[in-house]
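**Q** The following comprises the amino acid sequence and a computationally predicted model.
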Amino acid sequence: MLLKKFGKEDLPVIVLLHGGGLSYWALNNIVENLIADYCIVTPIIDGHGEDGTNLFISIEDSANKLIRYIDNEYNGQVFAIGGLSIGAQIVVETLSMRENIAKYAFVESALVYPIKGVSALTVPIYKLCYGLVKKRWFSKMQAKTLFVADNMFEKYFADSCKMSKQSLINITLSNGNYKLKDSIQNTNAKVLIIVGEKELRLMKKSAKQLNEYIPNSELYIVKSMGHGEISLVDYQQYLKVVKKFIENHEAIIHNVI
């Protein structure tokens, strides 16, 4: 797991994790709008982009690496952690493993219900189709589903070509088999759960379960949007929702004090 850091190090730290198939550059617009007030750390998840040679093992392994980084660099706690898709699953797992890891968390489109049959289908399908990843026409199709901006396509294509077949298989298996841990109920973080209205039923079901399991959590359903669309396309709305969530809780804390 490689780490990119932006902004002044004496500011409150927010860790943001990208979605599967993307990298830290997918967060550029959000980072640029936050660095005046926060120090932003954007991990590159194992197997992706610049960290393509480092095999992705599992969501749990990635969460362990994130915790070790926060322990070593920030004495075990940051202001906030957030993520999209598999990045959000890593955030959820991190919160499950360490209850005081962050004051706030932003979980966008995290699947927490295992998908039936994913293990049996993934390996043979990816063995047959892995070569398509390195084809420009196929990458263009994939880029559209991931809301990659046209001016970022070359970066996306280059990063896609760096991912190994085994990392791709492990990412798919870990994503599809991930199950929410009961220990998530112990987190002390205030958690904002985001899901698109147009997402798959299982994804919306996952968001509702997270909201039910996590105390001090809030569910925000984004109207007329799909998987990752709010943070990757309408990032201004994403920032508005996140900032309002933080401001509301900070106001409550101030009033109590």
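**A** Yep, it's here. All values reported here derive from a predicted model rather than from experimental measurement.
**Q** Quickly run through the sheet partners of whichever helix or strand residue 16 is part of, with directions.
**A** Secondary structure from DSSP states H and E places residue 16 in strand 13-17. Here strand 13-17 is paired, per DSSP bridges, with strand 39-44 (parallel), strand 78-84 (parallel).
**Q** Just name the most buried of these.
**A** Highest mean neighbour count among these (mean count of other C-beta atoms under 10 Å): strand 78-84, with a mean of 25. The C-beta positions use only the backbone N, C-alpha and C, and glycine is treated the same way.
**Q** next structured bit after it?
**A** helix 86-97.
**Q** That following helix to strand 13-17, inter-axis angle?
**A** Interaxial angle, helix 86-97 versus strand 13-17 (axes from the mean of the first three to the mean of the last three C-alpha atoms, to 10 degrees): 130 degrees.
**Q** From here on, call the first residue 650.
**A** Understood, numbering begins at 650; the last thing we discussed is helix 735-746.
**Q** Show me which residues of the helix or strand following helix 735-746 are buried.
**A** The helix or strand immediately downstream of helix 735-746 is strand 751-757, counting by DSSP H and E. Within strand 751-757, the residues that qualify as buried by neighbour count (16 or more other C-beta atoms under 10 Å) are 751-757.
**Q** what helices or strands is strand 751-757 leaning on?
**A** Packing partners of strand 751-757 (3 or more C-beta pairs under 8 Å, 6 or more residues apart in numbering; DSSP states H and E): strand 727-733, helix 735-746, strand 839-845, helix 884-905.
**Q** 7 Å instead?
**A** Identification of packing neighbours for strand 751-757 by 3 or more C-beta pairs under 7 Å, 6 or more residues apart in numbering; DSSP states H and E yields strand 727-733, helix 735-746, strand 839-845.
**Q** Which residues outside the last one are in contact with it?
**A** The contact list for strand 839-845, computed with C-beta atoms under 7 Å, 6 or more residues apart in numbering, reads 752-758, 852-853, 856, 859-860, 863, 865-871, 874-876, 878-879, 891, 894, 898.
**Q** List buried residues within those residues.
**A** 752-758, 852-853, 856, 859-860, 863, 866, 868-869, 871, 874-876, 878-879, 891, 894, 898.
**Q** Beyond the helix or strand bottoming out on mean pLDDT in the chain, next helix or strand please.
**A** Within the chain, confidence by mean pLDDT, DSSP states H and E is lowest for helix 767-778 among all helices and strands, at a mean of 67. Later in the chain than helix 767-778, the nearest helix or strand by DSSP H and E is helix 785-794.
**Q** State the distance from residue 667 to residue 895.
**A** Applying C-beta to C-beta, to the nearest Å, the value for residue 667 to residue 895 is 21 Å.
**Q** Looking at those two, which has the bigger crowd around it?
**A** Shown here are residue 667 and residue 895; by other C-beta atoms under 10 Å, residue 667 has more neighbours (25 against 19).
**Q** quick one: contacts for that one?
**A** Residue 667 makes contacts with 673, 675-676, 694, 733, 736, as judged by C-beta under 7 Å, 6+ apart.
**Q** Save those residues as CSV, and put in pLDDT too.
**A** Below are the contacts of residue 667 laid out as CSV (pLDDT from 0 to 100):
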residue, pLDDT
673, 95
675, 94
676, 96
694, 97
733, 97
736, 98
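**Q** count of neighbours near the closest residue to residue 808 other than its chain neighbours?
**A** Sequence neighbours aside, residue 698 is the residue nearest to residue 808 in space, at 3.8 Å (criterion: C-beta to C-beta, 6 or more residues apart in numbering). For residue 698, the neighbour count with other C-beta under 10 Å is 22.
**Q** Quick check, residue 698 in contact with residue 807.
**A** No - under the criterion of C-beta atoms under 7 Å, residue 698 makes no contact with residue 807, lying 8.1 Å away.
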